[in-house]
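Asker: build the 3D model from these lines:
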Amino acid sequence: YKCVITMAEPFSVERRKLMRMLGAKVIVTPKAGKGYGMVEKAAELAEKHGWFLCHQFETDANWKFHEETTGPEIINDFKDTQLDYWVTGYGTGGTFHGAGKYIKANRPDVKIVLAEPAAANLIASGIATERNDDGSPKSSHPAFKAHPIQGWTPDFIPLNLQAGQELNLMDEYLATPGDAAIETSQALAKTQGILTGISGGATMWAAMETAKKAPEGSVILAMLPDTGERYLSTPLFASINADMNDEELEIAKSTPSFILE
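Answerer: Numbers count the residues shown, from 1 in each chain. Coordinates of the predicted model:
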């Protein structure tokens, strides 16, 4: 199928290039419009050209797929073994809703910890998202502020997330600072060899915060389904130089050949 992706301007350049490499057309929407703007643009384009609109924030197919796949995978991996906490953030809300529903149905003792950016505490605000008849947002959420955790928390509460919340799946809530997400992602790369994105760092930070107050011996699951290679142009790599630093240059000069000055 031909594919057209609408993507807000702040999203990483790598994302645009990867989509175009895979044959998609990428329509970049202005930063000021935030996530709501990119969703509105997609709906506008679909109506104008008679295209199919995926509605990933609203469609039941999203969370049901996670109920049929991600949830069972988690339960099967922890069959006959201890699992006390599942820590997750949200983008469309599909993973939280679908996997969370399956986990609670099969292991009701597992506590689900839902995290969102501290700068965009939409859930914590208690303010509902106003919706159109199809479940899409009518406007940007008033509690939203820009945050660096790409893939987490658009500027509205997705319908899939709201539906999961109405099932009382969340046991605990955590607000994750953007700088902590970046620092944790960098630490995972340097100390564990795990190259994950900013959202992966955010999830791991939330898991570590959960561990601080969990009973001793608790088993905590945190999934990091993203790679750091999509974030080369973002704050995640801002402190990583392409050129040799003084220490590297000194190593180069420790032998006589092929020294790049």
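Asker: what about the closest residue to residue 230 other than its chain neighbours, how many residues nearby?
Answerer: Nearest non-adjacent residue to residue 230, counting by CB to CB, 6 or more residues apart in numbering: residue 14, 4.6 Å away. Just so you know, the C-beta spots here come from the backbone N, C-alpha and C atoms, and that holds for glycine as well. Neighbourhood size, residue 14 [other CB atoms under 10 Å]: 15.
Asker: let's see the helix or strand hosting residue 14 as PDB, backbone CA atoms only.
Answerer: For residue 14, the enclosing helix or strand under DSSP states H and E is helix 13-21. Coordinates of the C-alpha atoms in helix 13-21 are reproduced here as PDB (Å, rounded to 0.1, in the frame of the first residue of the first chain):
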ATOM      1  CA  VAL A  13      15.000  13.700  11.400                       C
ATOM      2  CA  GLU A  14      15.900  10.000  11.500                       C
ATOM      3  CA  ARG A  15      12.200   9.100  11.700                       C
ATOM      4  CA  ARG A  16      11.400  11.100   8.600                       C
ATOM      5  CA  LYS A  17      14.300   9.500   6.700                       C
ATOM      6  CA  LEU A  18      13.500   6.000   7.800                       C
ATOM      7  CA  MET A  19       9.900   6.400   6.700                       C
ATOM      8  CA  ARG A  20      11.000   7.800   3.300                       C
ATOM      9  CA  MET A  21      13.500   5.000   2.900                       C
END
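Asker: tell me what angle the helix or strand that comes right after it forms with helix 13-21.
Answerer: Next along the chain after helix 13-21, taking DSSP H and E as the criterion, comes strand 25-29. Put simply, strand 25-29 runs at 150 degrees to helix 13-21, going by axes from the mean of the first three to the mean of the last three CA atoms, to 10 degrees.
Asker: wait, what's in contact with the closest residue to residue 235 other than its chain neighbours?
Answerer: With sequence-adjacent residues excluded and distances taken as CB to CB, 6+ apart, residue 235 is closest to residue 148, at 5.4 Å. Neighbour list for residue 148: 178, 181-182, 198, 234-236 [criterion: CB atoms under 8 Å, 6 or more residues apart in numbering].
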